[in-house]
Structure formats: C-alpha cells, structure tokens
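*Asks:* based on what follows, work out the 3D shape:
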Amino acid sequence: MTQVLDLVPIWTVILAAAVFFYVLLDGFDLGVGMLFGLAPDKRSRNTIMNSIAPIWDGNETWLVFGGLGLLAAFPTAFAVIIPAVYFPILVMLLALVFRGVAFEFRFRDAENKTFWDRAFCYGSAIATFAQGVVLGAFVQGFPVRDGQFAGTSFAFLTPFSILTGVALMFGYGLLGAGWLILKTEGDIQAAARRQGRICLIGVVTAIAIVSIWTPIMVPAVAARWFSWPNIALFAPVPVLSGVIALGTWRSLGGKAETAPFFGAIGLFVLSYIGMAISLYPMIVPYQLTLWEAASSPRTQAFLLVGTLFLVPVILTYSSWSYWVFRGKVRAEVGYE
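*Replies:* Numbers count the residues shown, from 1 in each chain. Predicted coordinates:
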C-alpha cells in the first residue's frame, strides 16, 4: 500500500506565516494610519503618509494569499469561519477599500483633502478594530453542527471580541509608532515615542487580561497551559513577553530608533506563539482539527507546486521595495 505524504503540517506553516506577515506588515501601516489622525499640521501628515506610500498596498498581498490558501487547503474550516465572522470581515474589507481610496484622493482632490485625511485615519481604525473582533471570535470558538457554522449572524459580538478589537488597535498603534520612529525625525519622531508608550501600556494590559480571561473561558486552554510539565515548558513565553515589554518601554523613552519597532514585533511574535500553544491542533477552535478540515492530499499537493513558486516572488518584491525605500522620509519628497 502506497503511503500518502502528509502535507497538512506544510500548509499549516505556510498559512501561519501568511497570517503573521499580514498582521506584521499591514499592521504597522494601519497603525501609522491611526496615528496619522493625530498629526498637528499638513507637513507632518505628508511626512507620515510618505513613510508608507511605497509599500502599503503590497503589504495586503498576504491577506489575499492567506484567504485563498485557507479556502483551498482547509475548505471545511473556511466554510465554518467565514459565515461566523462575515460581518466584521465585510466591515474590514470596506474600510480597507475606503482607506485605499482616501490614500489616492488626498493627493488628487486638494479641495477636500481634510475629508480624505480623516477618511484615511478612520478607515485604518475601523479595519483594525474589525480584525481584532475576528480574532476574538476565533479564539472564543464557533458552534459547529455537521461541519457547518451553527450560530447566529452576530454571535461574534461579545465583550471578549470587543476587547480584542481594542487591543489590536493598541497593538497596531505600537507597530505604527515604531515604524515612524524608524522613518522620521524631529517632532514627528518625538510624538511617535510618546504615542508608542501609550500604546504599549494598552498592549501589555490587553495581553494580561486576555491571558487570564481565555483559560477561564475555555477549560481546554487552562489545561494546556497549567498542567505539568506544560507550565514549565511554556513559562518562557510570558517571561520573555515581560522582558521585551520592559525593553521596549525603555527604548521608547531613549534615543534608539530600531529597538521600539523590533520590540513591538517581538511582542506580536510571542502573542502569536501563545495563541498557537492554546489552540493547536485546532483550526476551528475546539471543533475541528487541521487534519479534519483539510482538503484531499492530491489537492494540497497540486496547490503546493504553485505556492512554492509564488511565495518566493512575494518575498522578493516585498524585500526589494523595503530596501529601495529604506532610510528617512521627508514631506517634500514622496508620493506626490
């Protein structure tokens, strides 16, 4: 009997990486979009906008890739998750579209530039909050019957999902502040340091609340983290989170320009690892495992061939764009 190669772990890594790259890359430019609304004058707003102008739309490639990968490699999970969070995903996509339109029109429609500036800020905030609501609903889990979502249209809307929505706004704000510290100078950078500290307080508070709330809400998560020897094996995750948070706080108050951004990335990495520890091997939390939701091995093998060509292309042009547009930005040199 021929043994079939198990491609589920490979697809799990691919999709996990796609989601993380989206959260990281689109996260900081959504964060910049939210902080953009706090800029005091036209020159500051132009500088902030120019800091993400060359790369913001390419960052969203990972969102498309992740969604299509979920549909193709784990269709049962797609059939459960999307109906469960249809409304926040719809709101997120509309906000991203409106944000993209505002980005272009603020340079073309000078008479209504203030309107488009506000639209860019609000679109960034709404898209971020919607993503956080989707995350919270996902962690809570969905009712499933016969492989289909069995809940109501607004089952996603709970105090926990609202908390994660607000938490992600602080998280993206921290990433955005780190990016502005990297890319700007003077008053804009100083303001980003102050805003970064406020966002960091929100992030640490949210991590603490979610870390307490989730095990109380889901006994399986409590058993995963607090049984022996797991509690010893997983202890480095919260310990490192505290160390990185403290280091990020100090770097935001000092003169370091790279440490705040990479500190924010570190907090996201550890939060992502913590979520993976809590949920693995579930792709529909507490209902369907990765293997139960996967497409056939032949389908996954066929898709993997194209993916192995596509992913290096995405990584190459993304890396190249960041390399070409490295360094500080100025209001006078940019998108216009």
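
*Asks:* hmm, who's touching the helix or strand that residue 81 is a member of?
*Replies:* Here residue 81 sits within helix 75-84, counting by DSSP states H and E. Contacts to helix 75-84, defined as Cβ atoms under 8 Å, 6 or more residues apart in numbering, come from residues 70-71, 89, 137-138, 142, 144, 147-149, 151, 155-156, 283-284, 287-288, 292-295. The way it works is simple: take the backbone N, C-alpha and C, and place the C-beta from them, glycine included.

*Asks:* just the buried ones from these?
*Replies:* 70, 89, 137-138, 142, 144, 149, 151, 155-156, 283-284, 287-288, 292-295 (16 or more other Cβ atoms under 10 Å).

*Asks:* so which of these are in strands?
*Replies:* Within the buried ones among the contacts of helix 75-84, residues falling in strands by DSSP state E are 144, 149, 283, 284, 288.

*Asks:* the third one: what's it in contact with?
*Replies:* Each residue near residue 283 by Cβ under 8 Å, 6+ apart is listed here: 74, 77, 289, 290, 293.

*Asks:* cutoff 10 Å now
*Replies:* 8, 12, 15, 70, 73-74, 76-78, 80-81, 138, 289-294 (Cβ atoms under 10 Å, 6 or more residues apart in numbering).

*Asks:* next one: the second one
*Replies:* With contact set as Cβ under 10 Å, 6+ apart, residue 149 has these partners: 79-86, 142-143, 155, 284, 287.

*Asks:* what's the most distant pair in these?
*Replies:* 86 and 287 (17.6 Å; Cβ to Cβ).

*Asks:* in this protein, what helix or strand scores lowest on average pLDDT?
*Replies:* Here the helix or strand of the chain ranked lowest by mean pLDDT, DSSP states H and E is helix 56-59, holding a mean of 78.

*Asks:* residues in contact with that one?
*Replies:* 21-22, 24-30, 32-33, 49, 52, 99-100, 103-104, 314, 317-318, 321-322.

*Asks:* quick one: buried ones out of the residues you listed?
*Replies:* By 16+ other Cβ under 10 Å, the contacts of helix 56-59 give 21-22, 24-30, 32-33, 49, 52, 99, 103, 318 as buried.

*Asks:* quick one: which of those is nearest residue 191?
*Replies:* Distances from residue 191 to the buried ones among the contacts of helix 56-59, taken by Cβ to Cβ, are shortest for residue 32, at 12.3 Å.

*Asks:* helix or strand: which one has the closest one?
*Replies:* Residue 32 belongs to helix 8-36, assigned by DSSP H and E.

*Asks:* same check on residue 180?
*Replies:* Residue 180 belongs to helix 159-183, assigned by DSSP H and E.

*Asks:* next SSE downstream of that helix?
*Replies:* Next along the chain after helix 159-183, with elements defined by DSSP H and E, is helix 186-217.

*Asks:* and that next one, what does it pack against?
*Replies:* If contacts are counted by 3 or more Cβ pairs under 10 Å, 6 or more residues apart in numbering; DSSP states H and E, helix 186-217 sits against helix 8-36, helix 42-52, helix 113-140, helix 159-183, helix 219-226, helix 236-252, helix 259-279.
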